[in-house]
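# what shape does this take:
(4 chains)
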There are 2 protein chains.
Amino acid sequence: MVLPGSILFSKMTDSVEEHPVEGRTATRRGKRERLVAAAVEMIFRQGVEATTLADIAAEAGVPLGNVYYYFKTKNDLVLAVIEAHLAEARAMFAAIDAAHAAPVDRLKALFGSLAERSDLIARYGCPHGSLCLELDKRPDGPGPAAELLREGVSWAETQFRAMGRPDARELAVQVIARYQGTALLTSTFRDASLMEAEASRVAQWIDTLD
Amino acid sequence: MVLPGSILFSKMTDSVEEHPVEGRTATRRGKRERLVAAAVEMIFRQGVEATTLADIAAEAGVPLGNVYYYFKTKNDLVLAVIEAHLAEARAMFAAIDAAHAAPVDRLKALFGSLAERSDLIARYGCPHGSLCLELDKRPDGPGPAAELLREGVSWAETQFRAMGRPDARELAVQVIARYQGTALLTSTFRDASLMEAEASRVAQWIDTLD
DNA sequence: GTCTATAGCCAGATAGAC
DNA sequence: GTCTATCTGGCTATAGAC
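The predicted structure follows:
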């Protein structure tokens, strides 16, 4: 099965409008998207604080000053990054739902795709967890970043509930926590096999619940 | 059972030497320790990047410029913070080992004490995981911070091995990953009950392995 | 050993020509 | 809409009096 490429690996296409009725709109969309894609990439690799707007602008091939035409502040750009991750995550869950009817298969498919990314996770960790943890340290809390984890928990809860589990919520929290914790150890120890081993363990565990 | 207070909650005592044979040494030790304690606290709450030396100096009641008498760079101070956490973690494991002979009880004791800290974890997360994740984003990797997780994995591995489990290493990785992942969700959602629920689940799980 | 003042740098953000 | 040049502030780190 092929899942949609994560936003992390496939840069967003600089979609040139197919019918560029108005040149300005086409250009604007392209630059904005490139900036967000560059920000997603750089923040994934370096974290929010360590990534400068100059880094992002350079990666996107946009002059620094021009960034402020699209985003009033750095934080606005970070919010756009979170939105992009959210949209990507939702697309992935939708694709899994479309490809598999049984909740058991859906849950296994999720961990299968995570295992496929184990190399990237070993290098940079899970982008959702990283964002939540870093933004959580801010005075105003994680804010919208928390949605990144909530989305996964909700989706998993739906699957467990469809399996007839009354403890669906708890199981969903557990399965996401196991993934996030494994991602942390996988990246800290730079050992992709940890995530792969966890994926197969989760698959077995899911079967015992069915 | 009472475990030694974590470095996170009990500030290091500004130990005035009981026999201050030499005034200078006593003062120096006190200031250095206060700086490390303040750094541990501020970095736990705000993260490494967001914490300035001015923050730390103010918290410790030391003039900013004086910090450089004790630490050549900010990074040196961060290393001292990691060392302090390591020492604290080792002390905690030693205390558990001393209080319980059976590995099953030792593992349960660990999660019991983590559950007791659930409120603090709900606010700021696990300091070890936070440090690993943030420093992992640096060009040179997590460096010595990885020891923080390795220490826990090694200790857990020893317990599982004493239980006669040939898969002790894998089990140790799993149990630490479960804790770290739960800590992330606990702090992101500001819900201490997640950690408490996980602690009792782990206790049950440990029993099934015995 | 201690502390004040400040140097030097680099980030986010803005002004304004084009 | 685009881009260069620059302002402003805050941070790490140092100089040097005491």
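
# and the most centrally placed residue in chain A, what element?
In chain A, the residue lying closest to the centroid (Cα atoms, centre = their mean) is A:H85, at 4.4 Å. A:H85 is part of helix A:74-99 when elements are defined by DSSP states H and E.

# who are the packing partners of that helix?
helix A:23-46, helix A:53-60, helix A:103-116, helix A:127-136, helix A:146-162 (3 or more Cβ pairs under 8 Å, 6 or more residues apart in numbering or on different chains; DSSP states H and E). (Each C-beta comes from the backbone N, C-alpha and C, glycine too.)

# out of those helices, which is the most enclosed?
helix A:127-136 (a mean of 25; mean count of other Cβ atoms under 10 Å in any protein chain shown).

# circling back to that earlier point, any residue of the helix holding A:H85 touching DNA strand C?
Yes - against DNA strand C, helix A:74-99 shows contacts by Cβ under 7 Å from any atom of the strand at A:K74, A:N75.

# now the angle from the helix or strand of chain A with the lowest mean pLDDT to helix A:74-99?
The weakest-scoring helix or strand in chain A, judged by mean pLDDT, DSSP states H and E, is helix A:23-46 (a mean of 84). Going by axes from the mean of the first three to the mean of the last three Cα atoms, to 10 degrees, helix A:23-46 is angled at 90 degrees with respect to helix A:74-99.

# show me what contacts the closest residue to chain B within chain A?
Closest contact between chain A and chain B, by Cβ to the nearest Cβ, is at A:G181 (2.8 Å). Contact analysis of A:G181 by Cβ atoms under 8 Å, 6 or more residues apart in numbering or on different chains lists B:I176, B:A177, B:R178, B:Y179, B:Q180, B:G181, B:T182, B:A183, B:L184.

# what about the least confident helix or strand of chain A, distance to the chain center?
Between the centre of helix A:23-46 and the centre of its chain there are 16 Å (Cα atoms, centre = their mean, to the nearest Å).

# re the thing from before, how about JSON lines for the helices and strands packed on helix A:74-99, with distance to chain B added?
As requested, the helices and strands packed on helix A:74-99 are exported to JSON lines (distance: least, Cβ to the nearest Cβ, whole Å):
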{"stretch": "helix A:23-46", "distance to chain B": "5"}
{"stretch": "helix A:53-60", "distance to chain B": "13"}
{"stretch": "helix A:103-116", "distance to chain B": "13"}
{"stretch": "helix A:127-136", "distance to chain B": "5"}
{"stretch": "helix A:146-162", "distance to chain B": "5"}
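
# figure out which of these is closest to B:V36.
Evaluated with Cβ to Cβ, the helices and strands packed on helix A:74-99 place helix A:127-136 nearest to B:V36, the distance being 22.9 Å.

# so is the closest one next to DNA strand C?
No - for helix A:127-136, no contact with DNA strand C is found by Cβ under 7 Å from any atom of the strand; the gap never falls below 13.5 Å.

# tell me the angle of that helix relative to helix B:127-136?
Using the same axes, to 10 degrees: helix A:127-136 against helix B:127-136 is 110 degrees.
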